[in-house]
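In: task: produce atomic coordinates for the following.
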Amino acid sequence: MTSEIGKISSWNDEKGFGFITPNSGGKSVFIHINDYSKRHKRPMQGLPVIYSLSKDPKGRPCATNVYPEKGHKEVTKARKQWVVSVYISGVFLSILIGLVLANKLPFIIFVLYIVVSILTFCLYAGDKSAAQKGKWRTSESTLHLFSIAGGWPGAVIAKSQLRHKSKKLSFRVVFWFTVLINCGILGWLLTPEGAQQIENLISALRSIKFS
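Out: From the prediction side, this is the model:
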């Protein structure tokens, strides 16, 4: 597959797609963020790029294996955000494991955090895909509700990994507020009253299971 040279003539960063105008002339070629180099900064209008010409499932021309012709190599901010997000989530989950091993927290709570975090990551991924395709979106209130329920570690990684909901200031402020709420709930569960409520809940679930 031969390489082509062109320039990104238009780019929609929110939806993650745009068009490349070939230097050789001819019609513009569609480019999607998934076909752009992950080792470089995000695409931008006017950026000279090298790409392979291909076709989508409908037979329309599109660009694959796209990367900048020169420069534009640093991924500092995106890379730092991803590293920080993984670090924050990893530290928090490590703390949970420590609390479980110290018999201060039931193992089921750790499992719930993992399950809800995975579900939350999937919600962000689905909302990202819906935004790109112009389909029905997941409401921000739903995303925040899952964060409060314990899915915020997954949301932190999703926001940086998927580059979704990472720029809107109002969303970020509310998101970190949900993290504080969840951590407050977790802190309460570590108190004698909270621990008793967990035991009552587990007992109720066991009675339902064996009834």
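In: domain parsing for this protein?
Out: 3-68, 76-210 (automatic domain parsing).
In: longest single strand anywhere in this protein?
Out: strand 3-12 (DSSP state E).
In: quick one, strands of this structure?
Out: Using DSSP E, strands in the chain cover 3-12, 17-22, 29-32, 48-55, 61-68.
In: what strands line up against the longest one, and which way round?
Out: By that I understand strand 3-12. strand 17-22 (antiparallel), strand 48-55 (antiparallel) (DSSP bridges).
In: contacts made by that strand with the rest, please.
Out: By Cβ atoms under 8 Å, 6 or more residues apart in numbering, the residues outside strand 3-12 that reach it are 17-24, 28-29, 31, 43-53, 63, 69. Where you see a C-beta, it was placed from the backbone N, CA and C, and this is true even at glycine.
In: any idea of the pLDDT on I5?
Out: pLDDT recorded at I5 is 92.
In: is it in a bridge, and if so with what?
Out: I50.
In: that one: how many residues sit nearby?
Out: 13 (other Cβ atoms under 10 Å).
In: show me the contacts for L123.
Out: 138, 142-143, 146, 151.
In: so where's this protein uncertain?
Out: Across the chain, residues meeting the criterion (pLDDT under 70) sit at 1, 72-78, 209-211.
In: which parts of it are helices?
Out: 76-101, 107-133, 140-146, 152-161, 169-189, 192-210 (DSSP state H).
In: what's the burial count for the nearest residue to V174 once chain neighbours are set aside?
Out: The shortest distance from V174 to any non-neighbouring residue, by Cβ to Cβ, 6 or more residues apart in numbering, is to H144 (5.9 Å). The local packing of H144 (other Cβ under 10 Å) involves 19 other residues.
In: cool, K15 as well?
Out: K15: 14 neighbours (other Cβ under 10 Å).
In: give the contact list for it.
Out: So K15 contacts 131-132, 134 (Cβ under 8 Å, 6+ apart).
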